[in-house]
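A.B. asks: here's my sequence, what's the structure:
(one chain, ligands or ions: 2)
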Amino acid sequence: MAITITMGIQKGGSGKSTTTGILSHLLGEDGYRVLAIDMDSQGNLSELLTNKPANNFVEHSILEAMQYNDPKKYIVNINDHLDLLAGNNFLATFPRWIYTSRRYTGEKIPYSANPSLILNRTLDVVANEYDFIVIDTPPSLSEQTTNALAASDYVVVMYECSNWCYSAIPNFMDSITAAQDVSSKNVEAIGILRTMNDIRRNDAKAFNNLIAEDYPSLVFDTIITRKAPIGRLSLYGFEDNKELNKAIYQYKTFYKELINRVRNK
Ligand SMILES: Nc1ncnc2c1ncn2[C@@H]1O[C@H](COP(=O)(O)OP(=O)(O)OP(=O)(O)O)[C@@H](O)[C@H]1O
Ligand SMILES: [Mg+2]
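C.D. replies: Ligands and ions are numbered 1, 2, ... in the order given. Okay, here's the model as predicted:
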């Protein structure tokens, strides 16, 4: 049965998609069978993993997988270890479908159970075929996010060291607790990842320390700094990227910490 890990925070531009992409890559490199899920209509994770525009996955995405409850039909194979259920702009019509039973095409597909458990139901179909399922979420508490949380064993809380991200954390922790209440899964915060860090800036240092004081047992020791090769991953991807090692070496220590925590649960 796959272990499901979601990257999230209700704050934009905090490294969620980048971290989900790198984590998928590192798990696959480690020999695990991985399914990556793009629950954000921006489709950034899909573009990062495939090097193709997210529009290529219209009518072949996580939205259809959930609506027809048939994930296998919509899986995109990335490599021997990694599969993807892609996202694109039409994922924004997910709530409309839940509450009207109509797809954006007009087709009627009723769904009457708990609206936060749709992704959970769909992932159950393939959970035995993977070791890990990793989920990228949008920067808001939308139905996509509540579904991702309710389908998760663990959540990595993303923390880009700034005041607005700091103030988003308590709300996000509440969202994790709310997901626990509806889900049969644990839905547990496995850690807080400090990322996009400009370690020369005093305010970043202060926000690093502040979060470590607030959540001493949750913060990962690894701090991901702001680095051009990480930003350029969105251009070069994971195949034939000459600076891949520079982009992911900090993430390797985060990966070790994360796997240790998961193993020790
Ligand atoms: N450590 C880093 N160093 C430099 N650039 C980074 C780093 N992490 C992410 N980026 C870049 O910063 C931008 C935001 O990162 P990313 O898209 O991963 O954040 P996000 O939380 O998924 O954003 P959104 O909330 O819009 O979904 C992207 O252009 C990404 O390439
Ligand atoms: Mg993103």
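
A.B. asks: these two touch, right, M1 and N128?
C.D. replies: Yes. Between M1 and N128 there is a contact at 6.2 Å, judged by CB atoms under 8 Å. In this view, the C-beta of every residue, glycine as well, is placed from N, C-alpha and C.

A.B. asks: how about the contacts made by S140?
C.D. replies: For S140, the contact set (CB atoms under 8 Å, 6 or more residues apart in numbering) comprises Q10.

A.B. asks: on the three-state scheme, it is what?
C.D. replies: Classification of S140 by DSSP: H, G, I helix; E, B strand; the rest coil places it in coil.

A.B. asks: any idea how far ligand 1 is from it?
C.D. replies: Distance of S140 to ligand 1, given as CB to the nearest ligand atom, to the nearest Å: 9 Å.

A.B. asks: for that residue, phi and psi?
C.D. replies: phi -140, psi 170 (degrees, to the nearest 10).

A.B. asks: what about it, distance to D40?
C.D. replies: Distance, S140 to D40, using CB to CB, to the nearest Å: 10 Å.

A.B. asks: one more: K252?
C.D. replies: Distance from K252 to D40, counting by CB to CB: 25 Å.

A.B. asks: again, but for I3
C.D. replies: Distance, I3 to D40, using CB to CB: 21 Å.

A.B. asks: what about these two, which has more around it?
C.D. replies: Taking neighbours as other CB atoms under 10 Å, I3 and D40 compare with D40 leading, 28 against 19.

A.B. asks: what's the burial count for the closest residue in space to the more buried one that isn't next to it in sequence?
C.D. replies: Spatially, and ignoring its direct neighbours in sequence, D40 is nearest to P138 (4.2 Å; CB to CB, 6 or more residues apart in numbering). The number of residues packed near P138 is 24, by other CB under 10 Å.

A.B. asks: for P138, give me phi and psi.
C.D. replies: Dihedral angles of P138 (phi, psi; degrees, to the nearest 10) stand at phi -80, psi 170.

A.B. asks: list the contacts of it.
C.D. replies: By CB under 8 Å, 6+ apart, the residues touching P138 are M39, D40, S41, Q42, Q144, T145.

A.B. asks: any idea how far T146 is from it?
C.D. replies: According to CB to CB, P138 stands 11 Å off from T146.

A.B. asks: likewise K252?
C.D. replies: 31 Å.

A.B. asks: which of these two has more residues huddled nearby?
C.D. replies: Between K252 and T146, counting by other CB under 10 Å, T146 is the more crowded of the two (22 against 13).

A.B. asks: which elements pack onto the strand or helix carrying the more buried one?
C.D. replies: Assigned by DSSP states H and E, T146 belongs to helix 143-150. Judged by 3 or more CB pairs under 8 Å, 6 or more residues apart in numbering; DSSP states H and E, helix 143-150 is in contact with strand 3-8, helix 94-100, helix 118-124, helix 163-182.

A.B. asks: quick one: which of the ones you listed is nearest ligand 1?
C.D. replies: Ligand 1 sits nearest to strand 3-8 of all the helices and strands packed on helix 143-150, at 7.9 Å, using CB to the nearest ligand atom.

A.B. asks: the helices in the stretch 1-150 of the chain, which residues?
C.D. replies: For the stretch 1-150 of the chain, the helices defined by DSSP state H, counting those that start in this stretch cover 16-29, 44-50, 62-67, 71-74, 94-100, 118-124, 143-150.

A.B. asks: scratch that, the stretch 151-265 of the chain
C.D. replies: For the stretch 151-265 of the chain, the helices defined by DSSP H, counting those that start in this stretch cover 163-182, 202-214, 228-231, 233-236, 244-263.
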